[in-house]
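*Asks:* Return a 3D structure for these sequence lines:
(2 chains)
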Protein chains: 2
Amino acid sequence: MLYFIGLGLGDTKDITVKGLEIIKQCSRVYLEAYTSILTVGKEALEEFYGRELILADRDMVEQEAEEILKGADVSNVAFLVVGDPFGATTHSDLVLRAVNAGIEYRVIHNASIMNAVGCCGLQLYNFGETVSIVFWTDTWRPESFYDKIHRNRENGLHTLCLLDIKVKEQSMENLLRGRKIYEPPRYMSVSQAAEQLLEIVQNRRERKEDLGFTEDTICVGLARVGAEDQAIRAGSLRQLASCDLGGPLHSLIVTGHLHPLELDMLRLSAVEPATLQGLKTLDSSTYTS
Amino acid sequence: MLYFIGLGLGDTKDITVKGLEIIKQCSRVYLEAYTSILTVGKEALEEFYGRELILADRDMVEQEAEEILKGADVSNVAFLVVGDPFGATTHSDLVLRAVNAGIEYRVIHNASIMNAVGCCGLQLYNFGETVSIVFWTDTWRPESFYDKIHRNRENGLHTLCLLDIKVKEQSMENLLRGRKIYEPPRYMSVSQAAEQLLEIVQNRRERKEDLGFTEDTICVGLARVGAEDQAIRAGSLRQLASCDLGGPLHSLIVTGHLHPLELDMLRLSAVEPATLQGLKTLDSSTYTS
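*Replies:* Down below sits the predicted model:
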């Protein structure tokens, strides 16, 4: 049996009792290590589980899947994923390979950022499509996520923005020379994401295009959701651009229509209480300051 | 401290290690028992935790919140919720009451149906707004959820439909006479939800309105997600209307644009393999048979 086991979002103890029991009786245990991170590292997990973990990076999962599946038809193999195994990144490819090889699989679910964001007080059924905000480079500055946020807001819906993670990236030079030297991991912060959104707002204003939202739109920054030191800050997009929420991982929400109860919850984590006090209904689907 | 602890979706062992540790050292433990259910009952949870649980129904949470909060400023009280505490139903009201009473709170997250549906192979970031499908009565047959599904599909997005739960409902007669006699709980099945959607499709066709989807649109029925005996069936809306997925809880997904990898995953749980084999792209955002 191949077990896909979610680890949740915080530290070692966010695994489920069921997940932990299964890990202890598997012959091999892999740790997927490229789509998300916990607040603790591989060593802390190994100590807590009493098991050695095999790091599975993107190359391994994509190119050496047979290695992971080996023997899973006669013994138990675990594949650990931060969050839920079918959260922000799914592992459909590995599931399909297992099924094609006649290997049974089972999923042990856990919290992922896709549902845990509800802790800020915005209701999950008021969210539209989730978007990813990628790190811009000098030459590549896509704005496609902006249009999706805009569309969600037109329907009164909030948008969860997953922020870019760069792990095991090679510099162009190292890539061209075939040197397996990796850059330090980079995790986009709420302030970096807000800066990029502000720049798009500015660009569209100059091009006299439909804005969809502005510097004053209420957003929520979240960091290390589920961990002891999680941080949640609600304020205008402009305010969040200068908010330091500490270490990774960060997520950003651009709000749509705010229900009064949602607003009461956001006030608990206001950057500036006055910003959220002064909100008035502009139309049936937008609050603004 | 008031702890909101998610129990996950399956049985006793889907609680996290952290959640279980906290329960064991709380002075009182409440079990929220009106928005969702596990495959096991209160007694099984009490035995596993080694603790007595106090059932908190909707009346208690809404009208006797002070009782739940009592002493939580000086000792620890746990409030257990099936799924995640901020999943399909949030407990913002209780959070706000706690904060106003000067009581700290903390959330221990877990899987909820809002993220665990990813196990069927449809990617969570391709979902639009979640809708609720309510039990129709002879005189009340709302169609508003249909329009939201339609709008999601126009944007190529899947729709998670949460299906109605009727717990501790009184008959009109008992309500009028003030008798606290409750009807047996009712949980909407995938086939019941599909029947209601088929009826709306038929109504709109007769009124010559824009359909959005038809009897042939690919849907996914899910039952007891996360439990050992979970069931997932993918097929046309018409096929799902005659699918018996067993005991509660059920959920239904109406698909939007299907990515080839999503389609490969759905084929693993096809009602009729031929239905999902014959899919062709009709336009950029819709597959149909």
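
*Asks:* does A:Glu66 sit in a helix or strand, and which one?
*Replies:* Assigning secondary structure by DSSP states H and E places A:Glu66 in helix A:65-69.

*Asks:* now A:Gly247
*Replies:* Assigned by DSSP H and E, A:Gly247 belongs to no helix or strand.

*Asks:* give me every residue that touches the residue lying closest to it once chain neighbours are set aside.
*Replies:* Nearest non-adjacent residue to A:Gly247, counting by C-beta to C-beta, 6 or more residues apart in numbering or on different chains: A:Arg224, 6.7 Å away. Quick note: C-beta positions are derived from backbone N, CA and C, even for glycine. Contacts for A:Arg224 (C-beta atoms under 8 Å, 6 or more residues apart in numbering or on different chains) come out as A:Leu9, A:Gly10, A:Thr39, A:Gln230, A:Ala231, A:Gly246, A:Gly247, A:Pro248, A:Leu249.

*Asks:* could I get those residues as TSV with pLDDT and neighbour count?
*Replies:* Formatted as TSV, the contacts of A:Arg224 follow (pLDDT from 0 to 100; neighbours: other C-beta atoms under 10 Å in any protein chain shown):
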residue	pLDDT	neighbour count
A:Leu9	95	26
A:Gly10	92	24
A:Thr39	86	19
A:Gln230	97	20
A:Ala231	98	18
A:Gly246	97	12
A:Gly247	95	14
A:Pro248	95	17
A:Leu249	94	23
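
*Asks:* for the residues you listed, which one is nearest chain B?
*Replies:* Distance to chain B across the contacts of A:Arg224 (C-beta to the nearest C-beta) is lowest for A:Leu9, with 6.4 Å.

*Asks:* quick one: contacts for the closest one?
*Replies:* So A:Leu9 contacts A:Leu38, A:Val82, A:Gly83, A:Ala111, A:Ser112, A:Ile113, A:Ala116, A:Arg224, A:Val225, A:Gly226, A:Ala227, B:His109 (C-beta under 8 Å, 6+ apart).

*Asks:* one more time with 7 Å, if that's ok
*Replies:* Contact analysis of A:Leu9 by C-beta atoms under 7 Å, 6 or more residues apart in numbering or on different chains lists A:Gly83, A:Ala111, A:Ile113, A:Ala116, A:Val225, A:Gly226, B:His109.

*Asks:* Quick check, the last one in contact with A:Ala227.
*Replies:* I take that to be B:His109. No - with contact defined as C-beta atoms under 7 Å, B:His109 does not count as touching A:Ala227 (10.4 Å).

*Asks:* Settle it for me: which of those two has more neighbours?
*Replies:* Comparing B:His109 with A:Ala227 by other C-beta atoms under 10 Å in any protein chain shown, the one with more neighbours is B:His109, at 33 against 18.

*Asks:* ok, which pair from the contacts of A:Arg224 is furthest apart?
*Replies:* Maximum pairwise distance among the contacts of A:Arg224 (C-beta to C-beta): 15.1 Å, between A:Leu9 and A:Gly246.

*Asks:* follow-up on the earlier one: counting contacts, what elements does the helix holding A:Glu66 pack onto?
*Replies:* Secondary-structure packing of helix A:65-69 (3 or more C-beta pairs under 7 Å, 6 or more residues apart in numbering or on different chains; DSSP states H and E): helix A:92-100.

*Asks:* Next, give phi and psi for A:Ser189.
*Replies:* Dihedral pair for A:Ser189: phi -90, psi 160, per degrees, to the nearest 10.

*Asks:* Model confidence for the most centrally placed residue in chain A, exactly?
*Replies:* With distances taken as C-alpha atoms, centre = their mean, A:Leu162 lies nearest the centre of chain A, 4.5 Å away. On pLDDT, A:Leu162 comes in at 96.

*Asks:* can you count the residues close to the residue in the stretch 101-250 of chain A that chain B sits nearest to?
*Replies:* The minimum distance from the stretch 101-250 of chain A to chain B, using C-beta to the nearest C-beta, falls at A:Gly118 (3.0 Å). As a burial measure, A:Gly118 scores 28 neighbours (other C-beta under 10 Å).

*Asks:* residues touching it, list them.
*Replies:* A:Leu124, B:Asp84, B:Phe86, B:Gly87, B:Thr90.

*Asks:* what pLDDT does the third one get?
*Replies:* On pLDDT, B:Phe86 comes in at 90.

*Asks:* Thought A:Val117 was touching it, still the case?
*Replies:* No - assessed by C-beta under 7 Å, B:Phe86 is found out of contact with A:Val117, at 8.1 Å.

*Asks:* The two: which has the busier surroundings?
*Replies:* When B:Phe86 and A:Val117 are compared for neighbours, B:Phe86 comes out ahead with 29 against 24, by other C-beta under 10 Å.

*Asks:* how far away is the more buried one from chain A?
*Replies:* According to C-beta to the nearest C-beta, to the nearest Å, B:Phe86 and chain A sit 3 Å apart.

*Asks:* I'd like to know the phi and psi angles of the nearest residue to that residue once chain neighbours are set aside, please.
*Replies:* Spatially, and ignoring its direct neighbours in sequence, B:Phe86 is nearest to A:Gly118 (3.0 Å; C-beta to C-beta, 6+ apart). The phi/psi pair for A:Gly118 (degrees, to the nearest 10) reads phi -60, psi -20.

*Asks:* Is A:Gln202 part of a helix or strand, or is it coil?
*Replies:* On the three-state scheme (DSSP: H, G, I helix; E, B strand; the rest coil), A:Gln202 is labelled helix.

*Asks:* rewinding a little: export the contacts of A:Arg224 as CSV, with columns for distance to B:Glu173.
*Replies:* As requested, the contacts of A:Arg224 are exported to CSV (distance: C-beta to C-beta, whole Å):
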residue, distance to B:Glu173
A:Leu9, 48
A:Gly10, 50
A:Thr39, 55
A:Gln230, 49
A:Ala231, 52
A:Gly246, 58
A:Gly247, 59
A:Pro248, 58
A:Leu249, 54
